[in-house]
Every structure is written in C-alpha cells, then in structure tokens.
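> Output the structure for:
(chains A and B)
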Amino acid sequence: EAQVTQNPRYLITVTGKKLTVTCSQNMNHEYMSWYRQDPGLGLRQIYYSMNVEVTDKGDVPEGYKVSRKEKRNFPLILESPSPNQTSLYFCASTSVHRGFYEQYFGPGTRLTVT
Amino acid sequence: GESVGLHLPTLSVQEGDNSIINCAYSNSASDYFIWYKQESGKGPQFIIDIRSNMDKRQGQRVTVLLNKTVKHLSLQIAATQPGDSAVYFCAEKRPGNQFYFGTGTSLTVIP
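Just a heads-up that it's a prediction; the model follows:
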C-alpha cells in the first residue's frame, strides 16, 4: 500500500528541547515536502526536497531544518522549538509526471511547545 | 505579500445538488493548480489538478475550471453527497516547485 508515515503523531515538548519528526514514503518519489497548518492560515510549505541531498526553503523555513540522505526519508528537525511552532505538521510525498504533481500527505503530527 | 485566497469560508448545499467552490490567486506566474479535500483529523487528499495551459479538467464527479484572465479557479462537485463534507483547499505552484495553499472552504452537505 502506497503511504506516507509520520512519527510521532502527537508530541508535547518544552521550549528549547530539540526534536525530530520523521517522515517516510514507500512510493519512490523524488519530491517531498513539509507543511505546517495553522487555523486561518491554511497549509504553508516549510521545506521541500526535489531529490536526495537537495533541499530548498519554502514559505516559512525559519526555525526548522531538514535533511534528505535517502529517497524515502525526509525528517523535520526543530533545533530549539518555540511556542510559535505549535502547529499541525504534514509531510507530503509527490509524484511528478509530465508537469502534473500528485501529492500524498501523511496523517499529520500535532506538536505543542510549552 | 501575494497569497491564494478563497471567496467563501463556508458553503452549505443540499444532498444531490451541485457544489461550486471558488478560489482566487494573485501570482500570474503560477503554472499549476490543485484542489485538495481534508476531512477532520486527516491529511489533505488530492482531488484534481490542472495546468495553466488548460481551462478545464474533469474527474469523477469533479471538474476544475481555470480562468487565467481573472486569476480564478473553481471546483465543481456534481451530485454532492454527505461524504463530500470536508474542508477544500486550492493550491498553486509557483515557479521553483513551491506550493502555496489557500485558507480553505468548509463544505457542509445537508441530507
């Protein structure tokens, strides 16, 4: 079954404590992304990666890091989380074919930073 | 800054009627658009997409229309069913493979 998995699904942490949210896909997609979703703001792209070792900033990259050491995994790293990073995070894996992009989203990670 | 927006935050329709959800975008360089459906507690689900060189694209019970002149995108759902109740987002791809989402329209289907 084609899927995108994220872990953990829920996380409560304290300001400044480094954390990593993992994302894995089994569809052999080259393009992967991280989004955050906040009420009234929709989804905003944090970082994206077009291939292994290739990452680019999205709309709201401040305070986040990513890495893409292998095609299937795209972890999101918060080196020093702050309360304004409390949000719902989605990882997406994207199939790109002839100019069409079909994004498959993970189930989401709800992060609370106190 | 530029942003993708929606005309209506909520929409209620009778079961069996057609639904139309609208979206305005402001970046004329955007070359690709997608509609997503998001049910409570789940990630967005791809519905249908359209490239900027197209005016219309049809799927199963859904049609996307693109009017580049006025920078407007719409999603039409035929014979709306209770299972269509969800939040619908439009998204645009700007040059550089970056995606921007609208804030969403909540569709409620009345049985």
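> Tell me the spacing between A:H29 and A:V4.
A:H29 sits at a distance of 9 Å from A:V4 (criterion: CB to CB, to the nearest Å). No exception for glycine: its C-beta is placed from N, CA and C like everyone else's.
> Quick check: neighbours shared by the two?
Common contacts of A:H29 and A:V4 (CB atoms under 8 Å, 6 or more residues apart in numbering or on different chains): A:S93, A:Y104.
> which strands and helices sit next to the helix or strand containing B:I21?
Following DSSP states H and E, one finds B:I21 within strand B:19-24. Contacts defined by 3 or more CB pairs under 8 Å, 6 or more residues apart in numbering or on different chains; DSSP states H and E place strand B:19-24 against strand B:10-14, strand B:72-77, strand B:86-94, strand B:105-110.
> Using neighbour counts, pick out the buried residues of that strand.
Buried residues in strand B:19-24, counted by 16 or more other CB atoms under 10 Å in any protein chain shown: B:S19, B:I21, B:N22, B:C23, B:A24.
> can I assume A:T15 sits in a helix?
No - under DSSP: H, G, I helix; E, B strand; the rest coil, A:T15 falls outside any helix and is assigned coil.
> Thought A:T86 was touching it, still the case?
No - using CB atoms under 8 Å, A:T15 is not in contact with A:T86, being 10.4 Å away.
> Other residues contacting the helix or strand of chain B with the lowest mean pLDDT?
Least confident helix or strand, chain B: strand B:98-101 with a mean of 92, by mean pLDDT, DSSP states H and E. Outside strand B:98-101, the residues within contact range by CB under 8 Å, 6+ apart are A:33, A:35, A:42-45, A:48, A:56, A:58-59, A:103, B:2-4, B:27, B:30, B:34, B:36, B:89-94.
> hmm, back to that, chain A: which of the helices and strands packed on strand B:19-24 is closest?
Among those, strand B:86-94 comes nearest to chain A, with 6.2 Å by CB to the nearest CB.
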